[in-house]
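quick one: sequence and predicted model below, then my questions.
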Amino acid sequence: MGFQKQNGSTARNVLRNIVSLSLNTGEVVCYDRQNGIVVAATSSSAPKDVAGIVALPTTLSDIVVNIQPIDYENDYVVNSKYRSNISHNYQRMAFGDRGTIDNTGADIEANGVFMQTDVIGSPEEYKIKGMFIHPYESNSVVVRTTGEAIDTIQDSDGMVITTSTITLTLPTAVGRSGKTYTVKRNYASGDTTVVPTGAETIDSGTSFALTTDGESFGFISDGSNWHIIN
């Protein structure tokens with residue numbers, strides 16, 4: 001079934017470039033900004049990358065796709081990956097497999113693209129109603145100060161200022177492509193050591209240390225690992 005808009009105009013369809021991409025009506029495509037095309041949405045797609053909903057199916061030989069831009073004020077009906085559950089109302093959810101929503105039962109902050117508002121029919125019909133999450137990005141940055149010996153960077157953190165020797169763990173880079181955190185060291189002696197989650201890396205390494213009072217570095221996710229920016 002894919003995504004079906006419940007009301008409002010559907011006359012604003014646009015054409016977007018694709019390369020060797022077979023799509024079905026109702027699937028979602030996202031911007032691939034590096035290659036200048038749109039691609040099929042995945043579970044790690046973010047709200048800011050959503051281009052629209054496929055209006056007409058494509059084959060591997062097509063070079064454009066006809067898509068319906070997202071109406072962020074409107075309701076959509078879509079099949080869910082698991083049985084629908086009304087207790088999941090107002091949870092943010094990621095894309096599932098080809099034109100579905102992954103209703104795991106957990107609110108997803110990092111890459112939640114769709115918010116359930118209701119269920120359709122019985123749980124066995126695997127169908128929910130909801131709204132796409134508007135890709136609003138606040139200009140404000142949350143600044144948090146920590147003096148703990150061991151701490152973890154939270155999704156809500158923008159900048160973390162450390163005031164004593166610390167090991168600071170980044171959240172997983174998976175599902176956070178483009179997400180950036182800044183760490184600043186603000187004390188005289190001892191290192192602020194930043195480490196990734198699990199087997200992930202920071203600039204191909206297993207840790208990165210801030211060794212000088214007052215220095216700061218940014219850490220940006222590529223969707224799999226972290227990279228240092230300054």
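Here it is on my side, so go on.

so what sits opposite T192 in the bridge?
For T192, the beta-bridge partners under DSSP bridges are I166, L210.

show me what contacts it?
T162, T165, I166, L168, V183, R185, A209, L210 (Cβ atoms under 8 Å, 6 or more residues apart in numbering). Every residue, glycine included, has its C-beta placed from N, CA and C.

recalculate using a threshold of 7 Å.
Shown in contact with T192 (Cβ atoms under 7 Å, 6 or more residues apart in numbering): T162, I166, L168, V183, R185, A209, L210.

once you drop chain neighbours, what's closest to N89?
Leaving aside its chain neighbours, N89 sits nearest to Q116 (5.6 Å; criterion: Cβ to Cβ, 6 or more residues apart in numbering).

the one you found belongs to a strand?
Yes - assessed with DSSP: H, G, I helix; E, B strand; the rest coil, Q116 lies in a strand.

next one, pLDDT for it please.
Looking at Q116, its pLDDT is 95.

please apply the same query to I108.
88.

same check, this time on T10
pLDDT, T10: 60.

again, but for the one 10 residues further on
S20 carries a pLDDT value of 96.

how much space separates it from L60?
For S20, the distance to L60 equals 5 Å [Cβ to Cβ, to the nearest Å].

from G112, how far off is A46?
Counting by Cβ to Cβ - A46 and G112 are separated by 9 Å.
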